[in-house]
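A.B. asks: For reference, the sequence and a predicted model appear below.
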Amino acid sequence: MTTKARTKSNVRKIRGKKMYLVEKFLPPKCPKCNHKFKKQNDDWVIFLSENQGYDIIVCAECGNQTARFLLETYQVTNKAFAEKLVAEAGFVNLIEVRAFGNMTKEHHTIVAITPNMKTEFVRKTKKRK
Ligand SMILES: [Zn+2]
């Protein structure tokens, strides 16, 4: 195999699997102006990613900085299910991601639970090939 051909096949391998990511976090809206946080870069931008359970975000409406605490995420292959989580279970920020290796399995991560938080679990489906 030539170097060029090998590079091409590697590019194909690392393309990843298309999946959908949704998240739930606090606060759901800007504590200063009440602007709802629904979509990253439209409603907020990440100012500082702490990676210790929270990051600092900036409200796109008023420029207020606030700490954002991640509560829960889902990464799924079914876009309709991701949309359902947004419409019915309080999730926001549906984004398309490329997953690799063991991250290509659907997963539900609960980072923190608040006293009156509802959680919903992905139903198991059999794969047909
Ligand atoms: Zn604001």
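C.D. replies: Good, I have the coordinates.

A.B. asks: At the contact with the ion, which residues of this structure appear?
C.D. replies: Contact residues, the chain versus the ion (C-beta under 5 Å from the ion): Cys30, Lys32, Cys33, His35, Cys59, Glu61, Cys62, Asn64. (C-beta placed from N, C-alpha, C; glycine too.)

A.B. asks: which ones are touching the closest residue to Val86 other than its chain neighbours?
C.D. replies: Using C-beta to C-beta, 6 or more residues apart in numbering and skipping residues adjacent in sequence, the residue nearest Val86 is Leu94, 5.5 Å away. Shown in contact with Leu94 (C-beta atoms under 8 Å, 6 or more residues apart in numbering): Tyr20, Leu21, Val22, Ala82, Glu83, Val86.

A.B. asks: what's the answer for Glu96, then?
C.D. replies: Glu96 neighbours (C-beta under 8 Å, 6+ apart): Lys18, Met19, Tyr20, Leu21.

A.B. asks: could you pull out the strands for this structure?
C.D. replies: 17-26, 44-49, 54-59, 65-76, 92-99, 107-110 (DSSP state E).
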